[in-house]
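Enquirer: Below are the sequence and a predicted model for it; my questions follow.
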Amino acid sequence: MKTKKKAFIWQTLVAIVLFLIFASPIYVLIGVAFKSPRDLSSMWTMPSYINWDNFTAAIHEGKILLSMVNSLIITAASVVLIVLVGALASYPLSRVKTRLNGFIKGFVLGIMIVPPLSILVPLYETLVNLGGVNHYWGIVITLLTFELPLGIFLYSNFIASIPNALDEAASIDGCGPIKTFFAIVLPQLKPVTASVIILAGVHCWNDYQFSLYLLQDPSYKTITLAISSFFSQTTSNLNAAAASALLAILPISLVFLFLQKYFIKGMVDSAIK
């Protein structure tokens, strides 16, 4: 009993420390977002007043609402393609055990270790030649390329845990591979799909490096570019940037809260099955 009590106390202390570490940036962000730019008090001090001018500047000067719409379109299109292509590609890679499939899977996963900025110049030149700069499809296909390996990795591990007997039973009933996938396999992928949506969605929503070069037209400005617009070599508006960042994290936080049950289950199942 004493050992269990000590373990519980240590677990509680570790949980509290981790909570403070991860909650402290949010605490500082909220405090700075509601402070006046003339308030020079510590960032760790919450203001005794509420200053809405920072949010007004974020909406009117930073055009944060337009940027959120652009980010939403890009993120939604990218995530839908990552889910569909990732699931469809993972199904034969997990079910058909051949050297070729093993090589393809290893090659795709190898893309995960390639630094994106290392191929930025040829990527930009290719998209310029294709006319993809300052268009949604250009940034979407770029994000798809770099986020798809993560989806294939999670989906392939999860699909490998689904018994082959289900495919054989569907085949006996007259289902082809495509119908088997959509009728039998796909409905069982809800947990891992939630994981892919959250992980890929966060990466796409927070993308800055590709958006900076591929979306130079102000009308296509994403949320990260809108936040960075409050900083320049001569001036900066930290409070308005904090207000913009606070608005930016709300949509993705709501998505995570809605899908967190499936997210945790999908991450665990993909890792151990």
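Expert: That came through, no problem.

Enquirer: Going by C-alpha atoms from here, please, whenever you check contacts or count neighbours.
Expert: Will do.

Enquirer: If we ignore the residues flanking it in sequence, what's nearest the spatially most central residue of the chain?
Expert: Closest to where the C-alpha atoms of the chain average out (C-alpha atoms, centre = their mean) is V202, at 2.0 Å. Using C-alpha to C-alpha, 6 or more residues apart in numbering and skipping residues adjacent in sequence, the residue nearest V202 is I252, 6.9 Å away.

Enquirer: Quick check: which element contains that neighbour?
Expert: helix 238-272 (DSSP states H and E).

Enquirer: avg pLDDT for that helix?
Expert: In this model, helix 238-272 has a mean pLDDT of 75.

Enquirer: now do stretch 138-156
Expert: In this model, stretch 138-156 has an average pLDDT of 90.

Enquirer: Of all the residues in that stretch, which ones are buried?
Expert: Buried residues in stretch 138-156, counted by 16 or more other C-alpha atoms under 10 Å: 138-144, 146-156.

Enquirer: mind listing which of those residues are in helices?
Expert: 138-144, 146-156 (DSSP state H).

Enquirer: so what's V128 up against?
Expert: By C-alpha atoms under 8 Å, 6 or more residues apart in numbering, the contact list for V128 is empty.

Enquirer: What of the one 3 residues further on?
Expert: Neighbour list for G131: G138 [criterion: C-alpha under 8 Å, 6+ apart].

Enquirer: where does the stretch 101-250 of the chain have low pLDDT?
Expert: 233-234 (pLDDT under 70).

Enquirer: Show me the helices in it, by range?
Expert: Applying DSSP state H, counting those that start in this stretch to the stretch 101-250 of the chain gives helices spanning 120-130, 136-160, 164-172, 177-180, 190-205, 209-214, 223-228, 238-272.

Enquirer: Any chance of these in CSV with distance to A15 as columns?
Expert: Formatted as CSV, these follow (distance: least, C-alpha to C-alpha, whole Å):
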stretch, distance to A15
helix 120-130, 40
helix 136-160, 27
helix 164-172, 40
helix 177-180, 43
helix 190-205, 23
helix 209-214, 34
helix 223-228, 31
helix 238-272, 17
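
Enquirer: between those, which one is nearest to A58?
Expert: Checking those against A58 by C-alpha to C-alpha gives helix 238-272 as the closest, at 5.4 Å.

Enquirer: Tell me the secondary structure at G62.
Expert: coil (DSSP: H, G, I helix; E, B strand; the rest coil).

Enquirer: Counting neighbours, what do you get for it?
Expert: When neighbours are counted by other C-alpha atoms under 10 Å, G62 registers 23.

Enquirer: Kindly report the same for the one 10 residues further on.
Expert: Other residues near L72 come to 19 when the count uses other C-alpha under 10 Å.

Enquirer: Now it. Nearest residue, chain neighbours left out?
Expert: L72's closest residue in space is W205 (C-alpha to C-alpha, 6+ apart), at 7.4 Å.

Enquirer: Repeat that for A77.
Expert: Here the residue nearest A77, using C-alpha to C-alpha, 6+ apart, is V140, at 6.8 Å.

Enquirer: picking that back up, what about the residue nearest to V202, how many neighbours?
Expert: 16.

Enquirer: any idea how far it lies from M112?
Expert: Distance, I252 to M112, by C-alpha to C-alpha, to the nearest Å: 23 Å.

Enquirer: And N101, by the same measure?
Expert: 18 Å.

Enquirer: Equivalent analysis for G131, please.
Expert: 26 Å.

Enquirer: got the contact list for S78?
Expert: With contacts defined as C-alpha under 8 Å, 6+ apart, S78 is in contact with 140-141, 143-144, 201, 204.

Enquirer: Kindly report the same for D207.
Expert: T224.

Enquirer: For D39, give its distance to N237.
Expert: Applying C-alpha to C-alpha, the value for D39 to N237 is 12 Å.

Enquirer: Perfect, I'm done here.
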